[in-house]
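Student: give me a model of this one.
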Amino acid sequence: MASSKHSARSLRLRLLVLLLIPLLSLAVLWAFAAYLTTGDALGKYEASTTYEKVAVPGTTLATALEQERVSAAVLMSTAGGGDRDGVTNTRASTDAAQAAFRRSALSGEARRTMSETTRQRLNRLLTQLDGLAGVRAKVDAGGVDAVGVINDYDAVVDALLHLFGGMVLINDPDVYRQGTALISVSTAHEFMMRENALVSAALATRAKRFTGPEYMLFTRNAANGRYLFDSALAEVKPSLRGPLQQLAGSSEFGTLRSLEDAIVAAGPTASLAPRAKDWHAAITPLMTTWSQTADRTGSVLTAESKPIGDRIMFMLYAAAGFGLLAVVCSIVVSVLFGRSLTRELTGLQRAALDLAERLPQVVRRLRAGEKVDVEAEVPPVEAGRSREVTRVADALTTLQRTAVQAAIGEARLRQGINQVFLNLAWRSQSLLHRQLSMLDTMERQASDPDALEGLFALDHLTTRMRRHAEGLVILSGAAPARGWHHPVAVRDILAAAIAEVEDYTRVLVEAAAPAALDGSVVADVTHLLAELIENATAFSPPPTQVHVRGELAVKGYAVEIEDRGIGMNEAELADANQRLAYPPEFDLADSDRLGLFIVGRLAARHGIDVRLTASPYGGTRAVVLVPLDFIAGDDGSGYEQAWQDEPSADTGRPATPPWRPPGRAMPPLPAGAGTIGLAASDGTDPDAPELPRRVRQASLAPQLRDDTRVPGPASGPEDVGREETGPADTGPTTRPPEETRSLMTALQQGWQRGREEEDPDE
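Tutor: Numbers count the residues shown, from 1 in each chain. Okay, here's the model as predicted:
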């Protein structure tokens, strides 16, 4: 039971777990939805921040690089004789744009809002920008042609365009497609600027024409530019297609396409001088128009994307705000519900605990004979307003009343059983007393030694039966009827107790300090000692003796009973001493502990201390301490006895305390143990003196001698004390059979010794 209490879980904990699981599920769903919407909102914020911090200064840097590329290509085409001041100025513009770009793109805000892809592409661009100094050094040294210079600058611009392409990452497919298309328009513009660099470099030479590599590069740039622009024009939606179509329909755009076709058709050997004027006239305004168109379409796309951002923010507020509100409301409702249910169930718990406290008290009152009102002892349980809890409360009320009614029935049944035991005990004691009277008459009339020995044995057995019947009275909760009005010597009490033991010849009284006990406890002390002595003889080897000692102590008179048996372990001794100190309620199922129960009940009745310990000889030592209040004097020989034998009861079986192994058959009496030796004869010698006659009460102490009244047959305690006229007796005054125990013992031992001494002669 203790382990189950420790392992039991609290009701509050169970309710917490019951309510926590759905709350956690709801919280997880809310967190997931908030994560998704927060991710979109963060993506929108990051895209805006990245555009401001990277794209805007990146566009300025791209324009500066394009101008520096043209001036460097022209310088290489003139073999160093070109405009170096122009190169220096474009480089200064590029450096300023690069510094501004680095400050903005590498700021903390920009780095926090960049995606991992954008961050990687930015690192590659910075690497290309770091290599720009090497490109300039080659230009200054004149160790590279125009194509090489253009390719070096193209690599830097390609890295910048690649960075722009990675910034169009938004969780909207349509916006992504439109943004990608506009990036393609910007890339087509870059190819046009590369064509311009090639044409400007070729016009700076004396021949005014392309070299083979320059022609191939021009052709590839023209084709790529057309493809990207046409693809973007077909991809964009109508709101973006208008500005692009307007750009494509302009005269400058048409002139550019015509010049590209003519240059490609003329081949690398054709001079570009005839077309130089038309080229510059078309390309210069087209660069400005193209840039303006790109900015305008970008603004349109940004404006059209604003509702998407607003929707994302609304979803964030809805998922985060309303979801959090729902979670909080659920928690509040769950807590209130849990407290209400816990309060109701706690009321049921208190009612059950109250039942557990009141029911044992009711049972004790019932066993004490009190009347119990079920309605008053078990009021209805009122706990909670929930239907289920109310039903449980009603069931608990029914359970309580059923338990009390069952306890009442059990108490009545126990009282009835005790009364049956008591009536049987009174009847048995009455019959046993009559049997003892008849045996006494037969013993006094017997002339055959063998017959007399058998009668003595039957007398002894009947005396033991009376003790067991008296034990039945004790089990029934009543007190034995035998009692004395005056003190009795302890040595006589020990003799009477030993006489009630089957194997009494093995009991040795080593010493008994002179003292007398009050008559009110004589019967119970005799019975108690007889139970312990018989237990010692039953559970010790046949050759051994049971030693009995009595002496005065500071707190009373102590009697020690020590055997040489198998003994008891510490756990058994502790259990037995606990039962002796605090006798439990008698249980019919615990019938193998009758002797222990009887000893404990008798000891508790008079406050006698009975304790079992281990004997140094391996057996068990029982110490009986009679309190000083019951010690009357040094001995009881001078007191007149006022004793009457009344019916008593027992269970009808020997005392078998649970700390002993099962009993065994008693061995034959040892040879030479007696003090009277009467030889047996085969026949009757007419000249021999007659057999000794018993003198009733002659061998007993005066306190144990009985008067001439003999109870007649009775069926209960009310019949005890009726006078009955016994058989005529010409001998001394009639005494009860138990007073012949000492003489019987001596005669039995003598006859046994006589027979054993006579056997060898036969």
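Student: lowest-confidence helix or strand of the protein?
Tutor: Lowest on mean pLDDT, DSSP states H and E among the helices and strands of the chain sits strand 643-644, with a mean of 36.
Student: after the helix or strand hosting Asp440 comes which helix or strand?
Tutor: Using DSSP states H and E, Asp440 sits in helix 387-445. Sequence-wise, the next helix or strand downstream of helix 387-445 (DSSP H and E) is helix 449-475.
Student: packing partners of that following helix?
Tutor: Contact here means 3 or more Cβ pairs under 8 Å, 6 or more residues apart in numbering; DSSP states H and E; on that basis helix 449-475 packs against helix 387-445, helix 519-538, helix 594-606, helix 741-758. (C-beta placed from N, C-alpha, C; glycine too.)
Student: so of the ones you listed, which one's packed in deepest?
Tutor: helix 519-538 (a mean of 25; mean count of other Cβ atoms under 10 Å).
Student: centre of the chain to it, how far?
Tutor: 51 Å (Cα atoms, centre = their mean, to the nearest Å).
Student: so what secondary structure elements neighbour that helix?
Tutor: helix 449-475, strand 483-484, helix 490-499, strand 546-553, strand 556-562, helix 594-606, strand 620-627.
Student: so it versus helix 594-606, what angle?
Tutor: Helix 519-538 runs at 160 degrees relative to helix 594-606, counting by axes from the mean of the first three to the mean of the last three Cα atoms, to 10 degrees.
Student: in TSV, list the helices and strands packed on helix 449-475 along with mean pLDDT.
Tutor: What follows is these, written out as TSV (pLDDT from 0 to 100):
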stretch	mean pLDDT
helix 387-445	77
helix 519-538	90
helix 594-606	84
helix 741-758	48
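Student: quick one: those helices as JSON lines, columns for distance to Ile498 too.
Tutor: Formatted as JSON lines, the helices and strands packed on helix 449-475 follow (distance: least, Cβ to Cβ, whole Å):
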{"stretch": "helix 387-445", "distance to Ile498": "18"}
{"stretch": "helix 519-538", "distance to Ile498": "6"}
{"stretch": "helix 594-606", "distance to Ile498": "16"}
{"stretch": "helix 741-758", "distance to Ile498": "9"}
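Student: out of these, the one nearest Asn151 is which?
Tutor: Taking Cβ to Cβ, helix 387-445 is the member of these nearest to Asn151, at 84.8 Å.
Student: sorry, back to before: name the helices or strands packed onto the helix holding Asp440?
Tutor: Partner elements for helix 387-445 (3+ Cβ pairs under 8 Å, 6+ apart): helix 323-367, helix 374-377, helix 449-475.
Student: pop the domain breakdown of the protein in here.
Tutor: As assigned by automatic domain parsing, the chain contains the domains 13-327, 426-755.
Student: of those, which shows the lowest average pLDDT?
Tutor: Mean pLDDT is lowest for domain 426-755 among the domains of the chain, at a mean of 68.
Student: deepest of the helices and strands packed on helix 519-538, which one?
Tutor: Of these, helix 490-499 is the most buried (mean count of other Cβ under 10 Å), at a mean of 24.
Student: and the angle for that helix with strand 556-562?
Tutor: Using the same axes, to 10 degrees: helix 490-499 against strand 556-562 is 30 degrees.
Student: direction included, what does the helix or strand following helix 490-499 pair up with?
Tutor: Using DSSP H and E, the helix or strand that follows helix 490-499 in sequence is strand 507-512. Strands that pair with strand 507-512, judged by DSSP bridges, come out as strand 546-553 (parallel).
Student: list of residues touching the strand it pairs with?
Tutor: With Cβ atoms under 8 Å, 6 or more residues apart in numbering as the contact definition, strand 546-553 has outside contacts at 490-491, 494, 498, 506-513, 515, 533, 536-537, 540, 557-563, 625, 631.
Student: pull the distance from it to the chain's centre.
Tutor: For strand 546-553, the distance to the chain centre is 55 Å (Cα atoms, centre = their mean).
Student: and the angle for it with strand 620-627?
Tutor: 30 degrees.
Student: CA atoms only: put strand 546-553 into PDB for me.
Tutor: Taking Å, rounded to 0.1, in the frame of the first residue of the first chain, the C-alpha atoms of strand 546-553 are listed here in PDB:
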ATOM      1  CA  VAL A 546      11.500 -27.100  30.100                       C
ATOM      2  CA  HIS A 547      12.900 -25.000  32.900                       C
ATOM      3  CA  VAL A 548      10.600 -22.800  34.900                       C
ATOM      4  CA  ARG A 549      11.900 -20.100  37.300                       C
ATOM      5  CA  GLY A 550      10.000 -17.600  39.500                       C
ATOM      6  CA  GLU A 551      11.500 -14.700  41.300                       C
ATOM      7  CA  LEU A 552      10.500 -11.300  42.600                       C
ATOM      8  CA  ALA A 553      11.600  -8.300  40.500                       C
END
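Student: in a markdown table: the helices and strands packed on helix 519-538, plus distance to Thr288.
Tutor: Putting the helices and strands packed on helix 519-538 into a markdown table (distance: least, Cβ to Cβ, whole Å) gives the following:
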| stretch | distance to Thr288 |
| --- | --- |
| helix 449-475 | 124 |
| strand 483-484 | 139 |
| helix 490-499 | 136 |
| strand 546-553 | 130 |
| strand 556-562 | 129 |
| helix 594-606 | 120 |
| strand 620-627 | 123 |
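Student: do you know which of these lies nearest Arg275?
Tutor: Per Cβ to Cβ, nearest to Arg275 of the helices and strands packed on helix 519-538: helix 594-606, 132.3 Å.
Student: orientation of the closest one relative to helix 449-475 in degrees?
Tutor: 60 degrees.
Student: helix 594-606: what's the following helix or strand?
Tutor: Heading C-terminal from helix 594-606 (DSSP H and E), you reach strand 609-614.
Student: which neighbouring elements make contact with that following strand?
Tutor: Against strand 609-614 (3+ Cβ pairs under 8 Å, 6+ apart) you get helix 570-581, helix 594-606, strand 620-627.
Student: that older thread, which of the helices and strands packed on helix 449-475 sits closest to Gly131?
Tutor: helix 387-445 (80.1 Å).
Student: so for Gly347, which of the domains of the chain sits nearest?
Tutor: Per Cβ to Cβ, nearest to Gly347 of those: domain 13-327, 14.8 Å.
Student: and the end-to-end length of that closest one?
Tutor: With Cα to Cα, to the nearest Å as the measure, the ends of domain 13-327 fall 20 Å from one another.
Student: wait, which of the helices and strands packed on helix 519-538 is closest to Ser340?
Tutor: helix 594-606 (51.1 Å).
Student: got the angle between the closest one and helix 570-581?
Tutor: Using the same axes, to 10 degrees: helix 594-606 against helix 570-581 is 50 degrees.
Student: which helices and strands does helix 594-606 pack with?
Tutor: Partner elements for helix 594-606 (3+ Cβ pairs under 8 Å, 6+ apart): helix 449-475, helix 519-538, helix 570-581, strand 609-614, strand 620-627.
Student: could you give the angle of the first one to helix 387-445?
Tutor: Comparing the axes of helix 449-475 and helix 387-445 via the same axes, to 10 degrees yields an angle of 160 degrees.
Student: now do the second one
Tutor: Here helix 519-538 points in a direction 90 degrees away from that of helix 387-445 (the same axes, to 10 degrees).
Student: how far off strand 609-614 does helix 519-538 point, in degrees?
Tutor: 20 degrees.
Student: let's see helix 519-538 as PDB, backbone CA atoms only.
Tutor: C-alpha atoms of helix 519-538 as PDB (Å, rounded to 0.1, in the frame of the first residue of the first chain):
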ATOM      1  CA  GLY A 519      -7.100 -14.200  43.900                       C
ATOM      2  CA  SER A 520      -8.600 -12.100  41.100                       C
ATOM      3  CA  VAL A 521      -5.700 -13.000  38.700                       C
ATOM      4  CA  VAL A 522      -5.000 -16.600  39.800                       C
ATOM      5  CA  ALA A 523      -7.200 -18.300  37.200                       C
ATOM      6  CA  ASP A 524      -5.900 -16.100  34.300                       C
ATOM      7  CA  VAL A 525      -2.300 -16.400  35.400                       C
ATOM      8  CA  THR A 526      -2.600 -20.200  35.700                       C
ATOM      9  CA  HIS A 527      -4.100 -20.400  32.200                       C
ATOM     10  CA  LEU A 528      -1.500 -18.100  30.700                       C
ATOM     11  CA  LEU A 529       1.400 -20.100  32.200                       C
ATOM     12  CA  ALA A 530      -0.200 -23.400  31.100                       C
ATOM     13  CA  GLU A 531      -0.400 -22.100  27.500                       C
ATOM     14  CA  LEU A 532       3.300 -21.000  27.500                       C
ATOM     15  CA  ILE A 533       4.500 -24.200  29.200                       C
ATOM     16  CA  GLU A 534       2.600 -26.500  26.900                       C
ATOM     17  CA  ASN A 535       4.000 -24.600  23.900                       C
ATOM     18  CA  ALA A 536       7.500 -25.000  25.300                       C
ATOM     19  CA  THR A 537       7.100 -28.800  25.700                       C
ATOM     20  CA  ALA A 538       5.400 -29.200  22.300                       C
END
